[in-house]
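Asker: Next comes the sequence, and after it the predicted model I'd like to discuss.
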Protein chains: 2
Amino acid sequence: MPYNLAAPDRDIEELVVRRAEVFRQKQGINLLTGHCASRIDPAGRTVSGTTPEGKEYELPYDRLLIATGGTPIIPDLPGFDLPGIVTLKTLADGRYLKTLLKTGKVKKAVLVGMGYINLEMCEALVRLGIEVDMVKPGPVFLPWLEPSMAQSIREEIETRGVGIHAGHAIERIEKTAGGLQVICRDLQLNADLIVVGIGIRPNSTMAVDAGLELSVGRSIATDRHARTSDANIYAAGDCADAYHVVSGQKTWIPLALRANRAGWAVADNICGKNAELEGIAGTAVFKVFDFEVARTGLTASEAAEVGFEPVENMIKARSKAHGHPGSSPIQVNLVGDKKSGRLLGAQMTGKDGVAHRINGPAVALYCGMTVKQYSQTDLAYSPPIGPTWDPTLTAANQLLKKL
Amino acid sequence: MPYNLAAPDRDIEELVVRRAEVFRQKQGINLLTGHCASRIDPAGRTVSGTTPEGKEYELPYDRLLIATGGTPIIPDLPGFDLPGIVTLKTLADGRYLKTLLKTGKVKKAVLVGMGYINLEMCEALVRLGIEVDMVKPGPVFLPWLEPSMAQSIREEIETRGVGIHAGHAIERIEKTAGGLQVICRDLQLNADLIVVGIGIRPNSTMAVDAGLELSVGRSIATDRHARTSDANIYAAGDCADAYHVVSGQKTWIPLALRANRAGWAVADNICGKNAELEGIAGTAVFKVFDFEVARTGLTASEAAEVGFEPVENMIKARSKAHGHPGSSPIQVNLVGDKKSGRLLGAQMTGKDGVAHRINGPAVALYCGMTVKQYSQTDLAYSPPIGPTWDPTLTAANQLLKKL
């Protein structure tokens, strides 16, 4: 959505990958849009709720999939329900924002939260010529990144004139004569538009009411077959948990690929194919202005929490070969386990060649590779695409000295 | 070298990574440049040859490293020794070419061979405004690529006005009034410059004379410690063989990363550190104009040769998310083993996001991952860097249907 919003000539409807008619007409699926599902009866195997006309309905099932997704978190503070305060979730949110931005009346925006989505929104709004401030209560910008790596991203954003206000807890939002004002104890920020992006919570209330087991962050607990604690009910997508491939423990990292993959697995399982889902590595990447930021696996502090003895090391390399034009710095932080030598995670930042480079370490995590084994892999080299030693290999070689 | 030659403002000396003085003065190494080494006496543990002044010298050793590299192959045909016919190997070759190209007198070049180096040279020369023809005896352009993938590269090159003449065996080169002429039975190509890039052979003569065992392509046979058949003699770089990580068999794929890595391993072993080298995957990538071409592991025909039952499948995907601007097609061919389900290799082409994407499959080969296991990995997704399912995952999902 941020990328679409950044491009005035792109229609927001382009984001629709498949329309209801395709399900109904081409696939013969009885797709009941506008129907609110409010109750599952696991014993009777029915789902019930209300139709668009407000009538009660009840549907029987042999197998049920809960794919209720997540809901953006809105702080329970005064003023967060005022008009002009938005989250990015539904196509309706996108349509509202697209229309609002087209009026040209939004001169100043405040983004509450500094996660992936708001960093993408920050770029989108700046590209539209809007003045942007970002605010969050936590004092550390991108706390899961090694401090000097986080600092380079912060500087990139500040260079574009964006105000980064970390460590400011919001007290309330007020309507002013000209628009809105975000009020912290020691900071006031005026805005025509406020985007709240402080995370989502899984939509698991119906699952709770049905007596299903919950997991990390109140997501719905599922096994490797995406089955909930009720053998006839599956859950997939942002509402469901997953195993972490590094820790082997349950985790909840709601991202697109896993959601999509779990959907396919559930379909297979319902059709009797016995699809097992592997764990997730939490691989994520985002762009903010010219910077690419990528991560996979665990950070050192996450690794310590689940019982590893993490050792990390950050290196600086170049995105292209010695002397090749257009080369820029890449930072790679690798995390390994002192006890087993295992690679636990990687974080990477830079302006060139970062995004896809995270996939090498990501695959290594699936194999439980040690840092030493990773350091021996044969990765691509050509002057325009990298140095002889891929930066992740240089990082592995250096981390080995500490393990 | 091709990239440097393509940029008139870059000095060829920039390619020097470390000068002799650094070895001598900073590292205290007795570096004897200009000394020809011609004979190894394994029993007496000496190397002998001639000094720059033409005198005989003899050096004793406890451990010896042969790092003699490779020599470009020149066809044994009339006229290949004429001036204006070059290979790309030494800095002297680069200096000669740089000077020649600066004169502005090279209007037309013929490249003999269509491997990585000549494809890079093709781009470099076209960028300098030189008319280029490429010729080779084999009928198939890039025979290790799936035909439709090879075809798109070929079209990309032909669009730039380059003549691709595959299937023309050269009979001789002749000097003409205006320059040179490459003569095939049914084709004559005029040239001011001819670049021969048909591969290298390992410089293993001295090793043969010393009674060392040879391996694939007459490379020097080494074990996982980079040791030759003589326990006191190591070999590393383009002159030495390697194990292939997929087949487990010996192979000879002279590329930069392995050469560099083997050098470090030998140093460790000589110093008593017991460094073992993993096999290589033959990961390689090159750019030609806007196209990136990457490979890792075995092609289907290579896999069949070493006893696998290869099944391959080519898919087309996009380099960025649905509807994201700047997206372009990516082709991915994956090779799997029918018997074991194992991933054996990958080839990829496209104008965007190909080069680093090969590293995911490359790492998978080191773990002996099955296609199914690879299909479950958690790879990076963000609209500007790829579709939700990385193209290599889509390729794995599709190949699974055939396995």
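Answerer: Cool, got the structure.

Asker: where in chain A is pLDDT low?
Answerer: Nowhere does chain A drop to pLDDT under 70.

Asker: Would you map the helices across it?
Answerer: Secondary structure of chain A (DSSP state H): helices located at A:2-6, A:20-21, A:91-102, A:116-127, A:147-159, A:205-209, A:256-270, A:300-305, A:359-366, A:371-375, A:391-400.

Asker: residues in contact with the longest one?
Answerer: By CB atoms under 8 Å, 6 or more residues apart in numbering or on different chains, the residues outside helix A:256-270 that reach it are A:63, A:65, A:67, A:222, A:225-227, A:234, A:236-238, A:240, A:242, A:274-277, A:280, B:376, B:378-379, B:381, B:388-389, B:393. Heads up, the C-betas are built off the backbone N, CA and C, glycines and all.

Asker: Determine which stretch of the helices of chain A is the most buried.
Answerer: Highest mean neighbour count of the helices of chain A: helix A:359-366, a mean of 29 (counted as mean count of other CB atoms under 10 Å in any protein chain shown).

Asker: Only C-alpha atoms, please: export that one in PDB.
Answerer: Provided in PDB are the C-alpha atoms of helix A:359-366 (Å, rounded to 0.1, in the frame of the first residue of the first chain):
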ATOM      1  CA  ASN A 359      18.400 -15.500   1.400                       C
ATOM      2  CA  GLY A 360      21.700 -17.300   1.700                       C
ATOM      3  CA  PRO A 361      21.800 -17.100   5.500                       C
ATOM      4  CA  ALA A 362      18.000 -17.800   5.500                       C
ATOM      5  CA  VAL A 363      18.500 -21.100   3.700                       C
ATOM      6  CA  ALA A 364      21.400 -22.000   6.000                       C
ATOM      7  CA  LEU A 365      19.100 -21.600   9.100                       C
ATOM      8  CA  TYR A 366      16.900 -24.300   7.600                       C
END
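
Asker: Measure how it sits relative to helix B:359-366, angle-wise.
Answerer: 40 degrees (axes from the mean of the first three to the mean of the last three CA atoms, to 10 degrees).

Asker: now helix A:359-366, how far from the chain's geometric center?
Answerer: 18 Å (CA atoms, centre = their mean, to the nearest Å).

Asker: For the stretch 101-250 of chain A, which segments are assigned as strands?
Answerer: With DSSP state E, counting those that start in this stretch as the criterion, the stretch 101-250 of chain A has strands at A:108-112, A:131-136, A:163-166, A:170-175, A:180-184, A:187-191, A:193-196, A:200-202, A:233-235, A:242-243, A:250-251.

Asker: I'd like those strands written out as JSON lines, with mean neighbour count and distance to chain B added.
Answerer: Formatted as JSON lines, the strands of the stretch 101-250 of chain A follow (neighbours: other CB atoms under 10 Å in any protein chain shown; distance: least, CB to the nearest CB, whole Å):
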{"stretch": "strand A:108-112", "mean neighbour count": "25", "distance to chain B": "18"}
{"stretch": "strand A:131-136", "mean neighbour count": "22", "distance to chain B": "19"}
{"stretch": "strand A:163-166", "mean neighbour count": "17", "distance to chain B": "21"}
{"stretch": "strand A:170-175", "mean neighbour count": "17", "distance to chain B": "28"}
{"stretch": "strand A:180-184", "mean neighbour count": "20", "distance to chain B": "28"}
{"stretch": "strand A:187-191", "mean neighbour count": "18", "distance to chain B": "26"}
{"stretch": "strand A:193-196", "mean neighbour count": "24", "distance to chain B": "18"}
{"stretch": "strand A:200-202", "mean neighbour count": "20", "distance to chain B": "17"}
{"stretch": "strand A:233-235", "mean neighbour count": "25", "distance to chain B": "17"}
{"stretch": "strand A:242-243", "mean neighbour count": "22", "distance to chain B": "9"}
{"stretch": "strand A:250-251", "mean neighbour count": "20", "distance to chain B": "11"}
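
Asker: Perfect, I'm done here.
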